[in-house]
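Trainee: Predicted model, plus sequence, below.
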Amino acid sequence: MGCRQRAPASELLRIVAVGDGADVSLRPDPARSLPGRGANMHPDPACFAQAVRRRAFGRALRAAGVPDHGAVAEYVDAPTTTSGQPDRAKVASKVGRPT
């Protein structure tokens, strides 16, 4: 979605829109099990930034207005382990630290 490059589905992060009307938020779906229309993007901060800048989430998910993408931003920016999932210990250790 962000960089517009093709990749196998196993390398991409699925994003789903949750909510209806003007109150739509985006959720990451790494297990690919949430119901609803989904869009795929690389789990990379640069790809995410391009998608936000281009407002690609609203078009790809057919959501009216500008969806809240805070949960996806946290997921993409979180440090990851070799399995591709965020390392909860590292995320928890950064809470409360000044940046």
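Mentor: Everything's here; your move. Numbers count the residues shown, from 1 in each chain.
Trainee: Which helix or strand contains the spatially most central residue of the chain?
Mentor: With distances taken as Cα atoms, centre = their mean, the residue of the chain nearest its centroid is residue 72 (3.4 Å). For residue 72, the element it lies in under DSSP states H and E is helix 70-77.
Trainee: May I ask which helix or strand of this protein has the lowest mean pLDDT?
Mentor: helix 88-93 (a mean of 50; mean pLDDT, DSSP states H and E).
Trainee: What residues of stretch 49-58 count as buried?
Mentor: Within stretch 49-58, the residues scored as buried using 16 or more other Cβ atoms under 10 Å are 50, 51, 56, 57, 58. (Glycine included, C-beta is placed from N, CA and C.)
Trainee: Identify the residues contacting it?
Mentor: With Cβ atoms under 8 Å, 6 or more residues apart in numbering as the contact definition, stretch 49-58 has outside contacts at 1-3, 15, 17, 26, 39, 41, 63-67, 69.
Trainee: Who are the contact partners of residue 48?
Mentor: By Cβ under 8 Å, 6+ apart, the neighbours of residue 48 are 2, 41, 72, 73, 76.
Trainee: no wait, residue 39
Mentor: Taking Cβ under 8 Å, 6+ apart, we find residue 39 in contact with 1, 14, 15, 16, 56, 57, 60, 61.
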